[in-house]
Structures are given as structure tokens and as C-alpha cells.
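Q: Prediction below, plus the sequence it came from.
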Amino acid sequence: MARWWLRQLSRLLETSLLPRVCPGCGGAARVAGTLCPACARMLEPVVAGAACPQCCGGLPCDDCARFRGPIGRVQAAFHYRGTAGGLVRRLKLEGDSGALGLLGRALARRFVRGDAAYRRFVVVPVPLARRRWRERGFNQAAALGTFVARRLSVPLKEHALTRVRETEPQGSALVNSRRRNVERAFAVRRVSKTCVLLVDDVMTSGATLRECARVLRRAGVHEVEAVVAATARR
Ligand SMILES: [Zn+2]
Ligand SMILES: [Zn+2]
């Protein structure tokens, strides 16, 4: 009961003290941390039954039918266009807390609270390139991961994976070279659990997630799943 009151109080403080800024566009919003009507209209959730459960692409997905990759399931909260693109950019470049809260809660809602099926999992964020880590001082994937870990009541292992090689941003690489771009870019530092739930902000081709999953599987992890805030696959 006391916790309920604390939550109500903190929500009240949040809504009355924070600037009422729309995390999608930076314009005015009625309630702090919520989208303005225009941004709300242009936010496109990924409909679970209408997307490929292995890559978030459209159905039927011939790629995944033909080839079983190292990841069991990939979920995405939103399509990476319209408002979701703005939210991801504001989170990544400005560390915007409104965008983080909105995306983090949407990621968490993909899971049942305390789901026993995830008891053996740890949440592992895709690590940031060292140079970008120095520039920004925070990893948006780890920040998003805290929402998922809390929802599932499992640990977040921020440094289970590490970048051993700098890569070009995936968005700027040509489709064919994306896989080569991330090859041998990651290493497993330590992972104690047998199952890993990878978290990232955006999935472009899926090459980064697959490469992370590959090194985790090689290190003895039995099962890898992934969840991203936004997918660029269609
Ligand atoms: Zn807006
Ligand atoms: Zn697929």
C-alpha cells in the first residue's frame, strides 16, 4: 500500500514538475512524457501476429523459413519510421528521459510481468562503440534494458558483451557489407545464465543482433532472444 502511494506521489511530481515536452518532436504536450496528438498518430506499433517472430519482417518470411539463425525470437515495439525514429534519435543523442520512458515502457509491455518462462534469462544490452560511449557517457540499449529486466524480475548484465572492434554505424553501411561490418566486433566478457535476452534501440538488417547472438551461443549460452525499440525491417 505504501508503495502504491509512493508511486502515485512520484507520478504526480513527474507530471507537475517536468516540462511538458513531447518526446517525439520536442513540441508542447498536454502531459509531460506523453506524445502530442500529431506524434501519437505517427507512431506505428509492430503487431505481433503480423510480423515474422524471428526477424520482425513482414509475413510470410522466406528468409527465416529457409535459414535458422542463432536467435530464437526477435520482438520490436515500433516500426522505425515516423515518431519512433524521432524518439530513438532523441534518446540516443540527447538522452531524453521522456523518450526513454516511452520506449522503455513499450518494450517492457511486450512481456508478461515476472513471466516464469524467462526465469533463466539475463538481459544483455548491445554494447556501444567505445568512441560513442566516451562521447555520450551512456548506452541507450542498457537504459532500455532496465525496463525489460524490471518487468521480468531478472538481472541486467550491462557488461556481459563488449566491443572488441570499432564498426561503422550500421545505418551507413551498404546492406551487403553490414554483416562483414559487425563480424568479430563483439566478445563475451562473462555470462552466468544459460539464456540471454538481447536489447537494442534499433534493428536495421539484424546483423548486429545475430553477431551478438553468435558469440553468446559460442560461449555456451543455450538460448538467445532479442527485443528492440524499433525495427527498420518491412
Ligand atoms: Zn510531438
Ligand atoms: Zn523473418
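A: That came through, no problem. Ligands and ions are numbered 1, 2, ... in the order given.
Q: which parts of the protein sit against ligand 1?
A: With C-beta under 5 Å from the ion as the criterion, the chain comes near ligand 1 at residues 22, 24, 25, 27, 36, 39. For glycine as for every other residue, the C-beta is placed from the backbone atoms N, C-alpha and C.
Q: Can you pull out the low-pLDDT segments for this protein?
A: Applying pLDDT under 70 to the chain flags the ranges 1, 11-19, 168-179.
Q: rewinding a little: would you mind checking the residues of the chain next to ligand 1 for buried ones?
A: 22, 24, 25, 36, 39 (16 or more other C-beta atoms under 10 Å).
Q: Would you mind putting these into TSV with distance to residue 230 alongside?
A: As requested, these are exported to TSV (distance: C-beta to C-beta, whole Å):
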residue	distance to residue 230
22	17
24	12
25	16
36	19
39	14
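Q: can you put those in TSV and add secondary structure?
A: Listed next are these as TSV, based on DSSP: H, G, I helix; E, B strand; the rest coil:
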residue	secondary structure
22	coil
24	coil
25	coil
36	coil
39	helix
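Q: which one among those residues gets closest to residue 210?
A: Nearest to residue 210 among those: residue 24, at 29.5 Å, using C-beta to C-beta.
Q: I figured that closest one hits residue 41, correct?
A: No: Residue 24 is not in contact with residue 41 according to C-beta atoms under 8 Å; the separation is 10.2 Å.
Q: What ranges does the chain have for its helices?
A: For the chain, applying DSSP state H gives helices covering 2-17, 37-41, 62-66, 83-94, 97-108, 130-136, 140-152, 175-182, 207-218.
Q: which helices and strands does the second one pack with?
A: Under the contact criterion of 3 or more C-beta pairs under 8 Å, 6 or more residues apart in numbering; DSSP states H and E, helix 37-41 touches helix 83-94.
Q: and if you look at the last one?
A: For helix 207-218, the elements it packs on are strand 161-163, helix 175-182, strand 186-188, strand 195-203, strand 223-231, judged by 3+ C-beta pairs under 8 Å, 6+ apart.
Q: Find the nearest non-adjacent residue to residue 103, please.
A: Nearest residue to residue 103, sequence neighbours excluded (C-beta to C-beta, 6 or more residues apart in numbering): residue 229, at 4.4 Å.
Q: what's the answer for residue 57, then?
A: residue 233 (4.2 Å).
Q: Residue 98 and residue 21 touch, don't they?
A: Yes: between residue 98 and residue 21 there is a contact at 6.3 Å, judged by C-beta under 8 Å.
Q: burial measure for the residue nearest to residue 57, as a count.
A: Burial of residue 233 is recorded as 21 neighbouring residues (other C-beta atoms under 10 Å).
Q: try residue 3
A: 7.
Q: Against residue 154, how distant is it?
A: Distance, residue 3 to residue 154, using C-beta to C-beta, to the nearest Å: 20 Å.
Q: First residue to last residue on stretch 183-192, what's the distance there?
A: Using C-alpha to C-alpha, to the nearest Å, the end-to-end distance of stretch 183-192 comes to 24 Å.
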